[in-house]
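Novice: The sequence and its predicted three-dimensional model are supplied below.
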Amino acid sequence: MPQSSDATPDTTPGIMPDTVEEQLAAATETLVAMEAIDGAGDDGATLVPIGVEPRYGKTKVRPETAADAPRSESSLGFETVRTDPEVRAFITQANINLGVLGFTEHGFRHVSLVASIARNVMRLLGHDARHQELAAISGYLHDIGNVVSRHAHATTGATLAYPILTRLGMVPEDIAVTLGAIGSHGDDGARLGEPVHPISAALILADKSDVHRSRVRNEDPTSFDQHDRVNYAATSSFLRVDDSAKTITLQLEIDSTMSSVMEYFEIFLPRMLMSRHAAELLGCVFHISMNDVVVL
Ligand SMILES: [Fe+2]
Ligand SMILES: [Fe+2]
């Protein structure tokens with residue numbers, strides 16, 4: 001059956017013990033627990049305790065930070081990547097392929113927006129020019145794997161990006177971070193995408209925040225599936241980063257005649273979970289507001 005969103009997890013049972021279904025079950029429990037303590041603050045800001053230090057995933061392993069980076073400038077500029085004919089050909093064909101399969105728009109509009117948002121997340125949280133540039137490059141390249149197949153497109157995208165970035169002159173340590181960001185953004189495998197670095201966290205937040213009616217390619221509303229309906233219902237989406245409050249909020253305007261809030265949560269639970277983990281890696285709390293009401 002055609003799907004139409006990034007959020008298309010493979011729910012085939014038995015692939016790995018840590019499946020999307022298990023993660024979603026855990027997420028649902030977490031959300032229920034969070035709802036139980038709701039009311040502690042009017043704006044929901046106390047739903048999750050804010051640590052002084054970023055949590056950096058499941059262990060004490062601390063990824064590179066801006067302060068630790070060997071250089072403060074990227075070895076390759078975003079414009080060089082954006083204008084590369086091979087990159088442009090891959091993005092074009094990937095978007096065509098996904099259109100045939102019934103997915104929402106994944107072309108230059110999407111990847112340019114994701115590049116811009118990812119760069120801004122890094123900038124607004126005080127990361128250096130290198131992190132900002134690598135976030136933009138990762139954002140622009142993150143969906144090129146769809147030119148091979150939708151399945152495992154994050155992994156194939158990173159594999160495709162390696163020779164391109166090498167050819168364009170990016171140094172190995174910058175390529176390494178970029179490949180990790182691209183390879184960790186997807187939610188179409190047996191596990192949800194997991195942030196491994198501030199740049200990969202910025203990419204996940206940027207990618208998952210692109211929910212908008214302009215992405216829907218199906219022109220017949222009577223044949224919309226759930227993904228079409230939820231995307232079409234979103235008339236505005238904005239990722240607000242507040243460094244002083246340590247919050248990252250996806251602000252959505254939803255046409256509730258097209259889709260219910262409940263339907264949004266049903267469809268986008270995986271991407272909400274990924275966004276929350278990404279915000280936590282950056283030392284922030286993730287929120288969602290719909291029509292000016294904080295719902296998470
Ligand atoms: Fe993707
Ligand atoms: Fe994407």
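Specialist: Cool, the structure landed. Since we're looking at a predicted model, the values are computed, not measured. Residues are numbered from 1 along each chain as shown. Ligands and ions are numbered 1, 2, ... in the order given.
Novice: All the strands of the chain, in order from the start?
Specialist: 234-242, 247-254, 285-290, 293-294 (DSSP state E).
Novice: For the third one, which strands pair with it and how are they oriented?
Specialist: This means strand 285-290. strand 247-254 (parallel), strand 293-294 (antiparallel) (DSSP bridges).
Novice: what's the answer for the longest one, then?
Specialist: When pairs are called by DSSP bridges, strand 234-242 turns out to pair with strand 247-254 (antiparallel).
Novice: could you give the mean pLDDT of the strand it pairs with?
Specialist: Strand 247-254 carries an average pLDDT of 95.
Novice: interface residues of this structure facing ligand 2?
Specialist: Contact residues, the chain versus ligand 2 (C-beta under 5 Å from the ion): 143, 207. All C-beta spots, glycine's among them, are computed from the backbone N, C-alpha and C.
Novice: about what we covered before: including mean neighbour count and distance to residue 150, could the strands of the chain go into JSON lines?
Specialist: Converted to JSON lines, these look like this (neighbours: other C-beta atoms under 10 Å; distance: least, C-beta to C-beta, whole Å):
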{"stretch": "strand 234-242", "mean neighbour count": "16", "distance to residue 150": "22"}
{"stretch": "strand 247-254", "mean neighbour count": "21", "distance to residue 150": "24"}
{"stretch": "strand 285-290", "mean neighbour count": "21", "distance to residue 150": "26"}
{"stretch": "strand 293-294", "mean neighbour count": "13", "distance to residue 150": "33"}
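Novice: Turn the strands paired with strand 285-290 into a markdown table, columns for distance to residue 265.
Specialist: Below are the strands paired with strand 285-290 laid out as a markdown table (distance: least, C-beta to C-beta, whole Å):
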| stretch | distance to residue 265 |
| --- | --- |
| strand 247-254 | 11 |
| strand 293-294 | 13 |
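Novice: Quick check: which of those strands is nearest to residue 283?
Specialist: Within the strands paired with strand 285-290, the stretch nearest residue 283 is strand 247-254; the backing value is 10.0 Å (C-beta to C-beta).
Novice: what stretches of the stretch 1-150 of the chain score poorly on pLDDT?
Specialist: 1-70 (pLDDT under 70).
Novice: How about it: which residue is closest to ligand 2?
Specialist: For the stretch 1-150 of the chain and ligand 2, the shortest gap (C-beta to the ion) falls at residue 143, measuring 4.5 Å.
Novice: Next up, the contacts around the closest residue to residue 105 other than its chain neighbours.
Specialist: In space, residue 105 comes closest to residue 215 once its chain neighbours are excluded; the distance is 4.3 Å by C-beta to C-beta, 6 or more residues apart in numbering. Contacts were defined as C-beta atoms under 8 Å, 6 or more residues apart in numbering; by that measure residue 215 touches 104-105, 109-110, 231.
Novice: how near is residue 215 to residue 110?
Specialist: The spacing between residue 215 and residue 110, counted by C-beta to C-beta, to the nearest Å, is 7 Å.
Novice: quick one: contacts for residue 153?
Specialist: Applying C-beta under 8 Å, 6+ apart, the residues near residue 153 are 143, 145-146, 186, 188.
Novice: which residues in the stretch 151-296 of the chain form helices?
Specialist: Per DSSP state H, counting those that start in this stretch, the stretch 151-296 of the chain carries helices over the ranges 153-168, 172-183, 198-208, 226-233, 261-281.
Novice: Next, format those helices as a markdown table and append mean pLDDT.
Specialist: Converted to a markdown table, these look like this (pLDDT from 0 to 100):
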| stretch | mean pLDDT |
| --- | --- |
| helix 153-168 | 98 |
| helix 172-183 | 96 |
| helix 198-208 | 97 |
| helix 226-233 | 84 |
| helix 261-281 | 88 |
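Novice: Buried deepest among these, which one?
Specialist: Neighbour counts (mean count of other C-beta atoms under 10 Å) averaged over each of these peak at helix 198-208, with a mean of 30.
Novice: Which residue lies nearest the spatial centre of the chain?
Specialist: Note on the chain: the residue nearest the mean C-alpha position is residue 204, at 2.5 Å, using C-alpha atoms, centre = their mean.
Novice: In the stretch 151-296 of the chain, what residue comes closest to ligand 2?
Specialist: Counting by C-beta to the ion, the stretch 151-296 of the chain gets nearest to ligand 2 through residue 207 (4.3 Å).
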